[in-house]
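1. can you look at this prediction? I've put the sequence above it.
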Amino acid sequence: MSSNTNTLSGGGLLDGRVALVTGAGGGIGRGIALAMAAAGANVAVTGRRMSTCEDTLRLIDAEGGSAIALEMDVSDEQAVREAIGQTVAQWGRLDILVQNANAGDSAHPIALESITEDDWYRQARVAWDGTLHCAQAALPHLKASGHGRFIVLGSAFGLHGAAMNPVYSALKGGDRGFVKSLAREWGPHGITVNAIEPAAATEPTEVFFAQNPAVRDAYLRVFPLGRMGAPRGDIGRAVVALASDLMGYVNGQNLPVDGGLYTAL
(Lines give C-alpha, C1' and ligand atoms only; values in the text may rest on other atoms or scores of the structure.)
Protein backbone atom coordinates (compact mmCIF):
# COMPACT_ATOMS: atom_id res chain seq x y z
CA MET A 1 0.00 0.00 0.00
CA SER A 2 1.21 3.50 -0.72
CA SER A 3 2.21 5.84 2.09
CA ASN A 4 -0.53 8.23 0.99
CA THR A 5 -3.17 5.55 1.38
CA ASN A 6 -1.98 4.72 4.87
CA THR A 7 -1.87 8.39 5.86
CA LEU A 8 -5.43 8.92 4.75
CA SER A 9 -6.94 5.81 6.23
CA GLY A 10 -4.93 4.63 9.23
CA GLY A 11 -2.71 1.91 7.81
CA GLY A 12 -2.25 -1.04 10.17
CA LEU A 13 -4.94 -0.11 12.69
CA LEU A 14 -7.19 -2.95 11.53
CA ASP A 15 -4.61 -5.55 10.53
CA GLY A 16 -6.19 -8.98 10.42
CA ARG A 17 -9.70 -7.79 11.28
CA VAL A 18 -12.69 -8.69 9.11
CA ALA A 19 -15.28 -6.03 8.29
CA LEU A 20 -18.54 -6.02 6.37
CA VAL A 21 -19.73 -2.67 4.97
CA THR A 22 -23.27 -2.23 3.65
CA GLY A 23 -24.11 0.21 0.87
CA ALA A 24 -20.46 0.12 -0.21
CA GLY A 25 -21.03 0.40 -3.94
CA GLY A 26 -20.44 4.16 -3.91
CA GLY A 27 -20.41 7.37 -1.92
CA ILE A 28 -19.66 7.24 1.79
CA GLY A 29 -19.92 3.45 1.90
CA ARG A 30 -17.24 3.10 -0.76
CA GLY A 31 -15.04 5.58 1.09
CA ILE A 32 -15.40 3.57 4.29
CA ALA A 33 -14.61 0.28 2.55
CA LEU A 34 -11.49 1.76 0.95
CA ALA A 35 -10.31 3.28 4.22
CA MET A 36 -10.82 0.05 6.13
CA ALA A 37 -8.99 -2.02 3.54
CA ALA A 38 -6.10 0.46 3.56
CA ALA A 39 -5.99 0.10 7.36
CA GLY A 40 -5.41 -3.63 6.99
CA ALA A 41 -8.93 -5.06 7.27
CA ASN A 42 -10.34 -7.79 5.08
CA VAL A 43 -13.51 -6.16 3.74
CA ALA A 44 -16.78 -7.61 2.49
CA VAL A 45 -18.14 -4.96 0.13
CA THR A 46 -21.92 -5.32 -0.01
CA GLY A 47 -24.75 -3.55 -1.79
CA ARG A 48 -27.90 -4.10 -3.83
CA ARG A 49 -26.06 -3.91 -7.17
CA MET A 50 -23.19 -6.31 -7.71
CA SER A 51 -21.72 -4.14 -10.47
CA THR A 52 -21.08 -1.17 -8.17
CA CYS A 53 -19.73 -3.43 -5.43
CA GLU A 54 -17.30 -4.87 -7.97
CA ASP A 55 -16.21 -1.33 -8.87
CA THR A 56 -15.30 -0.78 -5.20
CA LEU A 57 -13.58 -4.17 -5.12
CA ARG A 58 -11.41 -3.22 -8.09
CA LEU A 59 -10.29 -0.04 -6.33
CA ILE A 60 -9.33 -2.02 -3.23
CA ASP A 61 -7.54 -4.63 -5.33
CA ALA A 62 -5.58 -1.90 -7.10
CA GLU A 63 -4.17 -0.79 -3.74
CA GLY A 64 -3.26 -4.31 -2.68
CA GLY A 65 -6.11 -4.64 -0.21
CA SER A 66 -8.13 -7.72 0.67
CA ALA A 67 -11.84 -7.73 -0.17
CA ILE A 68 -14.76 -9.63 -1.63
CA ALA A 69 -17.91 -8.24 -3.28
CA LEU A 70 -21.33 -9.57 -2.27
CA GLU A 71 -24.76 -8.60 -3.55
CA MET A 72 -26.98 -8.00 -0.53
CA ASP A 73 -30.18 -6.09 0.23
CA VAL A 74 -30.23 -5.27 3.95
CA SER A 75 -34.03 -5.34 3.98
CA ASP A 76 -33.88 -9.07 3.18
CA GLU A 77 -33.10 -10.94 6.42
CA GLN A 78 -32.00 -14.12 4.68
CA ALA A 79 -29.73 -12.24 2.28
CA VAL A 80 -28.02 -10.55 5.23
CA ARG A 81 -27.44 -13.87 6.98
CA GLU A 82 -26.07 -15.41 3.80
CA ALA A 83 -23.68 -12.50 3.18
CA ILE A 84 -22.37 -12.64 6.73
CA GLY A 85 -22.03 -16.42 6.37
CA GLN A 86 -20.02 -15.98 3.16
CA THR A 87 -17.80 -13.42 4.87
CA VAL A 88 -17.09 -15.76 7.78
CA ALA A 89 -16.50 -18.66 5.38
CA GLN A 90 -13.96 -16.51 3.49
CA TRP A 91 -11.95 -15.30 6.47
CA GLY A 92 -13.09 -17.34 9.46
CA ARG A 93 -14.50 -14.47 11.50
CA LEU A 94 -16.35 -11.15 11.55
CA ASP A 95 -15.07 -8.34 13.77
CA ILE A 96 -16.76 -5.22 12.41
CA LEU A 97 -20.08 -4.46 10.76
CA VAL A 98 -20.75 -1.00 9.32
CA GLN A 99 -24.41 -0.38 8.48
CA ASN A 100 -24.33 2.44 5.95
CA ALA A 101 -27.16 1.42 3.60
CA ASN A 102 -30.13 3.76 3.12
CA ALA A 103 -33.00 3.90 0.66
CA GLY A 104 -31.79 5.59 -2.51
CA ASP A 105 -34.01 8.67 -2.27
CA SER A 106 -34.03 8.94 1.52
CA ALA A 107 -32.45 12.39 1.68
CA HIS A 108 -34.76 13.94 -0.94
CA PRO A 109 -37.12 16.58 0.51
CA ILE A 110 -40.76 15.57 0.81
CA ALA A 111 -43.39 17.59 2.68
CA LEU A 112 -45.50 15.86 5.29
CA GLU A 113 -48.77 16.19 3.35
CA SER A 114 -47.18 14.41 0.39
CA ILE A 115 -45.85 11.44 2.35
CA THR A 116 -47.53 8.08 1.75
CA GLU A 117 -47.31 4.92 3.80
CA ASP A 118 -45.18 3.48 1.02
CA ASP A 119 -42.67 6.34 1.45
CA TRP A 120 -42.42 5.55 5.14
CA TYR A 121 -42.18 1.77 4.96
CA ARG A 122 -39.92 1.71 1.89
CA GLN A 123 -37.31 3.76 3.74
CA ALA A 124 -37.90 1.99 7.06
CA ARG A 125 -37.28 -1.41 5.49
CA VAL A 126 -33.72 -0.30 4.78
CA ALA A 127 -32.97 2.03 7.69
CA TRP A 128 -34.65 0.12 10.51
CA ASP A 129 -35.22 -3.41 9.26
CA GLY A 130 -31.78 -3.42 7.66
CA THR A 131 -30.04 -2.36 10.84
CA LEU A 132 -31.97 -4.95 12.84
CA HIS A 133 -31.11 -7.73 10.37
CA CYS A 134 -27.43 -6.79 10.39
CA ALA A 135 -27.29 -6.63 14.18
CA GLN A 136 -29.02 -9.97 14.73
CA ALA A 137 -26.97 -11.83 12.13
CA ALA A 138 -23.65 -10.31 13.21
CA LEU A 139 -24.06 -10.72 16.97
CA PRO A 140 -22.69 -14.25 17.47
CA HIS A 141 -19.63 -13.42 15.39
CA LEU A 142 -19.02 -10.09 17.12
CA LYS A 143 -19.25 -11.89 20.48
CA ALA A 144 -16.58 -14.34 19.36
CA SER A 145 -14.34 -11.64 17.94
CA GLY A 146 -12.83 -10.08 21.04
CA HIS A 147 -12.88 -6.79 19.07
CA GLY A 148 -16.56 -6.60 18.13
CA ARG A 149 -17.64 -3.31 16.58
CA PHE A 150 -21.09 -2.35 15.25
CA ILE A 151 -21.18 1.07 13.60
CA VAL A 152 -24.26 2.75 12.13
CA LEU A 153 -24.13 5.69 9.72
CA GLY A 154 -26.69 8.15 11.04
CA SER A 155 -27.46 11.71 10.07
CA ALA A 156 -27.52 15.09 11.76
CA PHE A 157 -31.15 15.19 10.55
CA GLY A 158 -31.81 12.64 13.28
CA LEU A 159 -30.31 15.05 15.82
CA HIS A 160 -31.75 18.43 14.82
CA GLY A 161 -34.59 17.42 12.49
CA ALA A 162 -35.07 18.59 8.92
CA ALA A 163 -37.89 20.60 7.43
CA MET A 164 -39.36 18.81 4.41
CA ASN A 165 -37.79 15.50 5.43
CA PRO A 166 -39.63 14.13 8.48
CA VAL A 167 -39.38 10.48 7.39
CA TYR A 168 -35.59 10.39 7.09
CA SER A 169 -35.20 12.46 10.27
CA ALA A 170 -37.47 10.15 12.24
CA LEU A 171 -35.72 7.02 11.03
CA LYS A 172 -32.29 8.40 11.83
CA GLY A 173 -33.52 9.56 15.23
CA GLY A 174 -34.67 5.98 15.82
CA ASP A 175 -31.19 4.72 14.95
CA ARG A 176 -29.83 6.80 17.81
CA GLY A 177 -31.98 4.99 20.34
CA PHE A 178 -31.14 1.62 18.79
CA VAL A 179 -27.39 2.32 19.05
CA LYS A 180 -27.64 3.40 22.68
CA SER A 181 -29.73 0.35 23.60
CA LEU A 182 -27.38 -2.09 21.88
CA ALA A 183 -24.38 -0.44 23.53
CA ARG A 184 -25.89 -1.28 26.91
CA GLU A 185 -26.96 -4.78 25.89
CA TRP A 186 -23.78 -5.78 24.09
CA GLY A 187 -21.22 -4.02 26.28
CA PRO A 188 -20.82 -7.03 28.59
CA HIS A 189 -19.73 -9.04 25.54
CA GLY A 190 -16.95 -6.54 24.80
CA ILE A 191 -18.76 -5.18 21.73
CA THR A 192 -18.93 -1.43 21.15
CA VAL A 193 -21.87 0.11 19.28
CA ASN A 194 -21.66 3.65 17.94
CA ALA A 195 -23.06 5.91 15.22
CA ILE A 196 -21.45 8.55 13.03
CA GLU A 197 -23.36 11.52 11.62
CA PRO A 198 -21.34 12.49 8.53
CA ALA A 199 -21.25 15.58 6.35
CA ALA A 200 -19.51 14.51 3.17
CA ALA A 201 -19.40 15.47 -0.47
CA THR A 202 -20.35 12.37 -2.44
CA GLU A 203 -20.12 12.08 -6.22
CA PRO A 204 -23.64 13.46 -6.89
CA THR A 205 -22.95 16.37 -4.51
CA GLU A 206 -19.75 17.25 -6.34
CA VAL A 207 -21.57 17.19 -9.70
CA PHE A 208 -24.35 19.42 -8.34
CA PHE A 209 -21.83 21.89 -6.87
CA ALA A 210 -19.88 22.03 -10.12
CA GLN A 211 -23.09 22.98 -11.91
CA ASN A 212 -24.17 25.44 -9.19
CA PRO A 213 -21.06 27.20 -7.84
CA ALA A 214 -23.05 29.95 -6.09
CA VAL A 215 -25.00 27.34 -4.12
CA ARG A 216 -21.74 25.55 -3.30
CA ASP A 217 -20.09 28.72 -2.00
CA ALA A 218 -23.10 29.65 0.14
CA TYR A 219 -23.32 26.14 1.57
CA LEU A 220 -19.65 25.85 2.39
CA ARG A 221 -19.70 29.14 4.29
CA VAL A 222 -21.66 27.45 7.09
CA PHE A 223 -18.86 24.92 7.66
CA PRO A 224 -16.33 26.22 10.22
CA LEU A 225 -13.57 24.33 8.37
CA GLY A 226 -14.75 25.75 5.05
CA ARG A 227 -15.27 22.41 3.33
CA MET A 228 -17.35 19.26 3.29
CA GLY A 229 -15.76 15.99 4.31
CA ALA A 230 -14.21 13.46 1.98
CA PRO A 231 -15.98 10.07 2.05
CA ARG A 232 -12.68 8.25 2.44
CA GLY A 233 -10.21 10.64 4.01
CA ASP A 234 -12.59 12.11 6.60
CA ILE A 235 -15.58 9.80 7.13
CA GLY A 236 -13.75 6.58 6.35
CA ARG A 237 -10.87 7.47 8.62
CA ALA A 238 -13.30 8.23 11.48
CA VAL A 239 -14.91 4.81 11.03
CA VAL A 240 -11.48 3.18 11.03
CA ALA A 241 -10.68 4.90 14.33
CA LEU A 242 -13.98 3.78 15.92
CA ALA A 243 -13.42 0.25 14.68
CA SER A 244 -9.87 0.09 16.02
CA ASP A 245 -8.55 -0.48 19.52
CA LEU A 246 -7.71 3.23 19.73
CA MET A 247 -11.36 3.97 20.52
CA GLY A 248 -12.28 0.72 22.19
CA TYR A 249 -13.69 2.55 25.23
CA VAL A 250 -16.08 4.69 23.17
CA ASN A 251 -19.52 3.09 23.33
CA GLY A 252 -23.13 4.15 22.75
CA GLN A 253 -22.18 7.46 21.16
CA ASN A 254 -23.50 9.42 18.18
CA LEU A 255 -20.50 11.26 16.80
CA PRO A 256 -20.95 14.10 14.28
CA VAL A 257 -18.09 13.98 11.76
CA ASP A 258 -18.89 17.22 10.02
CA GLY A 259 -16.09 19.77 10.36
CA GLY A 260 -17.98 21.56 13.13
CA LEU A 261 -21.17 22.18 11.13
CA TYR A 262 -23.52 21.13 13.93
CA THR A 263 -21.73 22.71 16.86
CA ALA A 264 -25.02 23.39 18.69
CA LEU A 265 -25.67 19.69 19.26
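-> Thanks, I have the structure now.
2. now residue 89: how far from residue 255?
-> Per CB to CB, to the nearest Å, residue 89 is found 32 Å from residue 255. The way it works is simple: take the backbone N, C-alpha and C, and place the C-beta from them, glycine included.
3. for residue 84, same thing?
-> 25 Å.
4. between those two, which one's more packed in?
-> Neighbour tally, residue 84 and residue 255, criterion other CB atoms under 10 Å: the higher count belongs to residue 84, 24 against 17.
5. pretty sure that one is touching residue 140, no?
-> No - using CB atoms under 8 Å, residue 84 makes no contact with residue 140, being 9.5 Å away.
6. can you give me the helices in the stretch 51-200 of the chain?
-> For the stretch 51-200 of the chain, the helices defined by DSSP state H, counting those that start in this stretch cover 77-91, 117-124, 130-145, 157-160, 166-186.
7. between the ones you listed, which one is nearest to residue 98?
-> helix 130-145 (9.0 Å; CB to CB).
8. the closest one vs helix 77-91, what angle?
-> 30 degrees (axes from the mean of the first three to the mean of the last three CA atoms, to 10 degrees).
9. which other helices and strands contact helix 130-145?
-> Judged by 3 or more CB pairs under 8 Å, 6 or more residues apart in numbering; DSSP states H and E, the packing partners of helix 130-145 are helix 77-91, strand 96-99, strand 149-153, helix 166-186.
10. for residue 109, phi and psi?
-> phi -60, psi 140 (degrees, to the nearest 10).
11. number of nearby residues for it?
-> Residue 109 has 10 nearby residues by other CB under 10 Å.
12. got a pLDDT number for it?
-> Per-residue pLDDT puts residue 109 at 75.
13. mind checking how far residue 34 is from residue 27?
-> Residue 34 is 11 Å from residue 27, by CB to CB.
14. more crowded one of those two?
-> Neighbour tally, residue 34 and residue 27, criterion other CB under 10 Å: the higher count belongs to residue 34, 27 against 20.
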